[in-house]
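Here is the input, now give the coordinates:
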Amino acid sequence: MTSYAEMDRLRKLARPLYLELRALGIDVWVTERPDAFTGYEVLAGGMRSLSPRHADRLRRCIDEHTAGLLKVMWARWDEDLEAIRREGTA
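Sure, this is the predicted structure:
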C-alpha cells in the first residue's frame, strides 16, 4: 500500500504536467484498464497540433506520471484546477 505522503508527492509532481496539458488545449480523461498497475489509464486527445517530438515527450510524461495524474484529476479540493476545468468547458 502506498503511503499518503507518497501519494501526495506523486500528485505534486503531476500537477504541473496536468496544467501544461490543459494550457496546450489537450483534453485529458481517465478510463478503466484492469491490466494497468493502477487499474486506470490516463488518455490525452488533441495532440495533433503539436510537433511529433513534443507529443511524444508528453505521452511519455503521462505514462510516467499516471498515478499522480489520477490524484490530480480526481482531486476536488484544488480551486485552481476546478477553475481550469470550468474554463475548458465554457
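
So for the chain, which residue is the most central one in space?
Ranked by distance to the mean C-alpha position of the chain (Cα atoms, centre = their mean), the top residue is Leu69 at 3.7 Å.

In a strand, that one, correct?
No - in this structure, Leu69 is helix, not part of a strand, as judged by DSSP: H, G, I helix; E, B strand; the rest coil.

shouldn't it be in contact with Leu13?
No - using Cβ atoms under 8 Å as the test, Leu69 is too far from Leu13 to be in contact (9.6 Å). In short, each C-beta sits where N, CA and C put it, glycine included.

Spell out the residue ranges of the strands in the chain.
Here the chain has its strands, by DSSP state E, at 27-32, 40-45.

Mind checking those for the one nearest to Cys61?
Proximity to Cys61 (Cβ to Cβ) singles out strand 40-45 among the strands of the chain, at 9.9 Å.

Partner strands of the closest one, with direction?
Taking DSSP bridges as the criterion, strand 40-45 sits next to strand 27-32 (antiparallel) in its sheet.

For the partner strand, buried residues please.
Neighbour counts over strand 27-32 (16 or more other Cβ atoms under 10 Å) mark Val28 as buried.

again with stretch 15-31
Using 16+ other Cβ under 10 Å as the test for burial, stretch 15-31 gives Arg15, Leu17, Tyr18, Leu21, Arg22, Ile26, Val28.

what sits against Leu13?
When contacts are counted by Cβ atoms under 8 Å, 6 or more residues apart in numbering, Leu13 touches His65, Gly68.

what angle do the longest helix anywhere in the chain and strand 27-32 make?
The single longest helix within the chain, with elements called by DSSP state H, is helix 4-23. Calculated by axes from the mean of the first three to the mean of the last three Cα atoms, to 10 degrees, helix 4-23 forms an angle of 140 degrees with strand 27-32.
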